[in-house]
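Trainee: Fold the following, please.
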Amino acid sequence: MRADAARNLELVLTTGARMLADEPATSVAAIAAEAGVDRRTVYRRFAGRDELLAAVYEARLDAIEAAIEAARLRVAPVPVALHRYVEGIIGVNRKWPVELSKMRAVPEIWERRLRAVDEVERFLQRATEDGLLRPGLPDRWPGRVLGQLLRLASRELPDLSDAHAADVVVDTFLRGFGAEQGGASRSS
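Mentor: I've put the predicted structure just below:
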């Protein structure tokens, strides 16, 4: 793919993600217009709205998987991996604000999402075993709360860098779930 074509594709996908997050019924023509490309350019790449939507969701999943890999959840020290993961996912959420839950009907995309969730759950179990998180919490509860904190920080802390927003999220998360009595462990 030529460099300009790759840039246009990235622009169409990120614009589509932003617009679809705000209005799920957004048309391909509206996305193309907002991205500054001819809608025929979009239709040459995607047969229709459903293909464009799938490409947006796949791009989001690619970014999530890259953030998980970069965080090194299985091998990095738990506090470091937690902060890297949170910072990476805040960046993903800001660039790709669409919700993957809308893609349950596409089995390949939904399976990838579930694998990513399971990877984070394994990491949070490791965090509990290593003593960063307190034991005895309801199954999957820390992961669900962390996911909500990530979504909230991505939207409600726009003036903070991804790293600074991650500081806030990690501190909040550890104050709620951290193993230490009376306060959180610092992760950064």
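
Trainee: which non-adjacent residue is nearest E58?
Mentor: Leaving aside its chain neighbours, E58 sits nearest to I109 (6.5 Å; criterion: Cβ to Cβ, 6 or more residues apart in numbering). In this view, the C-beta of every residue, glycine as well, is placed from N, C-alpha and C.

Trainee: again with G48
Mentor: Sequence neighbours aside, V28 is the residue nearest to G48 in space, at 7.3 Å (criterion: Cβ to Cβ, 6+ apart).

Trainee: tally of neighbours for D167?
Mentor: Counted with other Cβ atoms under 10 Å, residues neighbouring D167 total 18.

Trainee: quick one, phi/psi of it?
Mentor: Per-residue torsions, D167: phi -60, psi -50 (degrees, to the nearest 10).

Trainee: on that earlier part again, for the residue nearest to E58, what are its contacts?
Mentor: Listed by Cβ atoms under 8 Å, 6 or more residues apart in numbering, the contact set of I109 reads A54, Y57, E58, L61, L100, M103.

Trainee: for those, which one is nearest R155?
Mentor: Of all the contacts of I109, L100 has the smallest distance to R155: 15.8 Å, by Cβ to Cβ.

Trainee: correct me, but the closest one touches A59?
Mentor: No. Counting by Cβ atoms under 8 Å, L100 does not reach A59; the two are 11.3 Å apart.

Trainee: Tell me which stretches of the protein form helices.
Mentor: 3-22, 28-35, 39-45, 49-71, 78-95, 107-129, 141-156, 162-177 (DSSP state H).
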